[in-house]
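> Task: produce atomic coordinates for the following.
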Amino acid sequence: MKSKIKTVYVCQSCGTQSPRWMGKCPDCGAWNTMVEEQVEKSKDIGSAKRSGGMEPILLNEIQARDEDRFVTKIGELDRVLGGGIVPGSVVLIGGDPGIGKSTLVLQMLRQVSELRGKALYVTGEESPAQIKMRAQRLGVKAEHLYVLAETSLDEIIRAADGLEPQVLVVDSVQTVFTSELPSAPGSVGQVREVSGRLMIHAKKTGMPTFLIGHVTKDGAIAGPRVLEHIVDTVLYFEGDKGHSFRILRAVKNRFGSTNEIGVFEMKESGLAEVANPSEIFLAERPADATGSVVVSSLEGSRPILAELQALVAPSKLTMPRRTCIGVDYNRVSLLLAVLEKRVGMQLMGMDVFVNIVGGLKIDEPAVDLGIIAAVASSFRERPIAAQTVVMGEVGLAGEVRAISQAEARIKDAAKLGFKRCVLPALNVEKMDKASKNKMELLGVRSVDEAMERLF
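Numbers count the residues shown, from 1 in each chain. You can find the predicted model right below:
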């Protein structure tokens, strides 16, 4: 069987192929991402016949089995994974350089090796001595944790088959290559082939596999988008380098919810779990400060209280500034228009800055009323009572709409000592007596009514 070597140009962002070089990718629009790669194409590939394929099976005849998860004893990680690690699953972890991805998986492997037995950590970027130095700093002492410095996929699979670990970690998938492809490690073809082979190996052996991936300047995992479709779970490790908090978020999970988040704090001894994130995020809240309000955001099944700050100041610019950190810019612009039209606040000549303290990112309509309250507080120079929490969705007509799981949010706020809650009137009407007795509930139907209650 003869083969013909063909040269194509492949976009390293989206995987688009072109017979000639182009400065701009026609599909994703990225500049200078077309890289030359060699592709071997078999002449008689169409005449090849498959053998040993599976036959169709009736759905009623398939034997269902429960996926036996095993926990890592890292509660925040288990929460995001959906309750633990599923045998044979492939998990992709992405995040900015230095955010703590390697630290997280090393702490996970320590727990797994102590509970389950052998674990294998494959590194393509560091030497075993460097891994040892990090392990000593983190206090990782595991008798069954093995380290392999290797970038060849065939050697990694051979070592995994020989050792038969309970968990395999590859750090990072962009450094691994297979000799079957002539392209360089990290290219679209190599990343796709390596991930596919590791996925097939995980399903065949039942060995859970964690892949660590680099991210681009935009924060997305580097390589073709198909990489995220191959794996079972995609986790993003987020955080601001100016803060010690890290948030582990699932954007895809075949074995659990994608709404859960895990909160960690980076310390000298490694990542520490934050069991009550609300208490941490509100620890340094200033007293009697204008433009500060506490809002409740729902991350999966967990309510999180956070401080939302707004600053309104006169502007000398023709186009006043609108700066938003942690909340959606378009949402804030919409709410400012509601304040001008429905409440009568003259914000056209004002710079408006909105920030979620602690590096959190909240994309939920339930914080709408909190944004309006913070902006109004700063504009009117009147502080909101310290023990008040605000929640509710706001429509363009100025109405305050009901939110989901209000009882859980109120219960969490009551635990932290909050005495009063401003929320949609419809939520108050549907609540049971137990929830109403936890704190003073002020139901509002419009933004005007909320302003009266708050100020």
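
> the helices in the stretch 51-200 of the chain, which residues?
Ranges of helices within the stretch 51-200 of the chain are 75-81, 101-115, 128-138, 153-163, 188-205, based on DSSP state H, counting those that start in this stretch.

> Let me know which of the ones you listed is the nearest to Phe237.
helix 101-115 (5.4 Å; C-beta to C-beta). C-betas here are computed from N, CA, C, even on glycine.

> Let me see the mean pLDDT of the closest one.
Regarding helix 101-115, the rounded mean pLDDT is 93.

> Mind listing what's buried along it?
101-113 (16 or more other C-beta atoms under 10 Å).

> ok, back up a step: mind putting the helices of the stretch 51-200 of the chain in TSV, distance to Leu334 included?
Listed next are the helices of the stretch 51-200 of the chain as TSV, based on distance: least, C-beta to C-beta, whole Å:
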stretch	distance to Leu334
helix 75-81	31
helix 101-115	36
helix 128-138	45
helix 153-163	49
helix 188-205	39
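
> And those helices: which comes nearest Glu238?
Judging the helices of the stretch 51-200 of the chain by C-beta to C-beta, what sits closest to Glu238 is helix 101-115, at 11.0 Å.

> Name the residues that touch the closest one?
70-74, 77, 85, 93-95, 119, 121, 131, 134-135, 138, 140-145, 166-167, 169, 171, 210, 212, 237, 248, 264, 266, 270-271 (C-beta atoms under 8 Å, 6 or more residues apart in numbering).

> Now intersect those residues with the strands, please.
Judged by DSSP state E, strands contain the following of the contacts of helix 101-115: 93-95, 119, 121, 145, 167, 169, 171, 210, 212, 237, 248, 264, 266, 270-271.

> got any ranges where the stretch 201-350 of the chain has weak pLDDT?
216-226, 241-242 (pLDDT under 70).

> mind listing the helices for it?
Counting by DSSP H, counting those that start in this stretch, the helices of the stretch 201-350 of the chain are 226-230, 277-281, 329-338.

> Adding distance to Pro303 and mean neighbour count as columns, could you present those in a markdown table?
Formatted as a markdown table, those follow (distance: least, C-beta to C-beta, whole Å; neighbours: other C-beta atoms under 10 Å):
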| stretch | distance to Pro303 | mean neighbour count |
| --- | --- | --- |
| helix 226-230 | 29 | 17 |
| helix 277-281 | 8 | 19 |
| helix 329-338 | 20 | 16 |
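
> Next, format these as a markdown table and append distance to Ile156.
Listed next are these as a markdown table, based on distance: least, C-beta to C-beta, whole Å:
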| stretch | distance to Ile156 |
| --- | --- |
| helix 226-230 | 17 |
| helix 277-281 | 37 |
| helix 329-338 | 44 |
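
> what's the closest of the ones you listed to Leu441?
Ranking those by proximity to Leu441 (C-beta to C-beta) places helix 277-281 first, at 18.8 Å.

> Would you mind pulling the contact partners of the closest one?
245, 263, 265, 274, 303-307, 357-358, 360, 412, 416.

> repeat that with 6 Å
By C-beta atoms under 6 Å, 6 or more residues apart in numbering, the list of residues contacting helix 277-281 from outside reads Val263, Val274, Ile304, Leu305, Ala306, Gly358, Leu416.

> Just the buried ones from the residues you listed?
Among the contacts of helix 277-281, those buried by neighbour count (16+ other C-beta under 10 Å) are Val263, Val274, Ile304, Leu305, Ala306, Gly358.

> hey, what's the first one bridged with?
Meaning Val263. According to DSSP bridges, the residues that bridge with Val263 are Ile247.

> Isn't Ser172 up against Leu211?
No: applying C-beta atoms under 6 Å, one finds Ser172 not in contact with Leu211, separated by 7.5 Å.

> Which one's more surrounded, the two?
Neighbours were counted for Ser172 and for Leu211 using other C-beta atoms under 10 Å; Leu211 has more, 30 against 20.

> and the more buried one, how far is that from Gly94?
9 Å (C-beta to C-beta, to the nearest Å).

> do the same with Leu77
15 Å.

> and if you look at Pro56?
Taken as C-beta to C-beta, the span from Pro56 to Gly94 is 37 Å.

> Give me the buried subset of the contacts of helix 101-115.
Using 16+ other C-beta under 10 Å, the buried members of these are 70-72, 74, 77, 85, 93-95, 119, 121, 131, 135, 138, 140, 142, 144-145, 166-167, 169, 171, 210, 212, 237, 248, 264, 266, 270-271.

> so who does Lys132 touch?
Applying C-beta under 6 Å, 6+ apart, no residues qualify as near Lys132.

> What number of residues are in the vicinity of the closest residue to Leu181 other than its chain neighbours?
Excluding the flanking residues, the one nearest Leu181 by C-beta to C-beta, 6 or more residues apart in numbering is Gly189, at 5.3 Å. Gly189 has 23 neighbours, counted by other C-beta under 10 Å.

> Touching, Gly189 and Ser183? I think so.
Yes: counting by C-beta under 6 Å, Ser183 is a contact partner of Gly189 at 4.8 Å.

> overlap in contacts of those two?
Glu37.

> ok, Trp120 to Lys203 distance?
For residue 120 the amino acid is Leu, not Trp. As judged by C-beta to C-beta, Leu120 and Lys203 stand 17 Å apart.

> Next: Ser152.
21 Å.

> That'll do, ta.
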